[in-house]
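>>> what's the 3D shape of this:
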Amino acid sequence: MNRPASAALPASLLLVVAVALVVSGIGPYDRVTWWLEVLPVLIAAPLLIATYRRFPLTPLAYWLVAIHALVLVLGGHYTYARVPLGFWMQDAFDFSRNHYDRIGHLMQGFGPAIIVRELLLRTSPLVPGKWLFTLVLFSVLGVSATYEFTEWWAALAGGEAAGAFLGTQGDPWDTQWDMFLAGCGAIASQLLLSRLHDRQLAALDPAVACKLEARP
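Numbers count the residues shown, from 1 in each chain. Predicted structure coming up:
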């Protein structure tokens, strides 16, 4: 049986994200783009709330979901091509364009990789190792490719109204960069956070604890 930690952390993170979402929805640059950008947050938050008691996640997973949500709502308010942080990066590093969207797609791999890793360790026979690492990476790349399809379809359906959601900024390789960075994020999070994630999983789920203890 899973042992959910205190609800204080997920509740606090939910409150922060909810406030940020409301603020970002006040006078966004483009209302259609705002809806498209924050839609993952509007889907994920109710899902996490509904499943908290029977399938709580690790604190690490909740932190990463919240950080990713904040990246999305900030991008939704300004559109990714107009986020001030991206302009600061452009000036500081002499970039040719606003690269805030690169941060968004790096996070599209960094956070979801831990979520996928958690789901696979808790619902499949997989144990930490090369197969788990590879399946997590491929899963994230699949999600990233699906998101690129969604951007494409939205742009086709909405025309100029959804152009800011597509956000290529004239870069012919933007789609490839987005998927590449999601893959880099998935690799980085697994390399940097796997040990911490394993410890939190062992404390949360006895079945995973037994699995981790039994691995060679």
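
>>> Over to the nearest residue to Ser96 once chain neighbours are set aside. Which of the three states is it?
The shortest distance from Ser96 to any non-neighbouring residue, by C-beta to C-beta, 6 or more residues apart in numbering, is to Gln90 (7.9 Å). Any C-beta I mention is one placed from the backbone N, CA and C, and that applies to glycine too. Under DSSP: H, G, I helix; E, B strand; the rest coil, Gln90 falls in the helix class.

>>> from memory Gln90 sits against His99, does it?
Yes - counting by C-beta atoms under 8 Å, His99 is a contact partner of Gln90 at 6.8 Å.

>>> Between those two, which is the more surrounded one?
More crowded of Gln90 and His99, by other C-beta atoms under 10 Å: His99, with 20 against 15.

>>> what comes up buried for the biggest helix by length in the chain?
Using DSSP state H, we find that the single longest helix of the chain is helix 174-204. If you call a residue buried by 16 or more other C-beta atoms under 10 Å, then helix 174-204 has these buried ones: 174-175, 178-183, 185-187, 189-190, 193-194, 197-198, 200-202, 204.

>>> what does the average pLDDT come to for it?
Across helix 174-204, pLDDT averages out at 93.

>>> list the helices and strands the following helix or strand past that helix packs on?
Downstream of helix 174-204, the first helix or strand assigned by DSSP states H and E is helix 206-214. Secondary-structure packing of helix 206-214 (3 or more C-beta pairs under 8 Å, 6 or more residues apart in numbering; DSSP states H and E): helix 100-123, helix 174-204.

>>> a markdown table please, covering the ones you listed and showing distance to Leu85.
Converted to a markdown table, the helices and strands packed on helix 206-214 look like this (distance: least, C-beta to C-beta, whole Å):
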| stretch | distance to Leu85 |
| --- | --- |
| helix 100-123 | 6 |
| helix 174-204 | 16 |
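
>>> Out of those, the one nearest Asp94 is which?
Closest approach to Asp94 among those is made by helix 100-123 (15.1 Å; C-beta to C-beta).

>>> name the helices or strands packed onto that closest one?
The elements that helix 100-123 packs onto, with contact taken as 3+ C-beta pairs under 8 Å, 6+ apart, are helix 59-78, helix 84-93, helix 130-158, helix 174-204, helix 206-214.

>>> Go again with 6 Å.
Counting contacts by 3 or more C-beta pairs under 6 Å, 6 or more residues apart in numbering; DSSP states H and E, helix 100-123 packs against helix 59-78, helix 130-158, helix 174-204.
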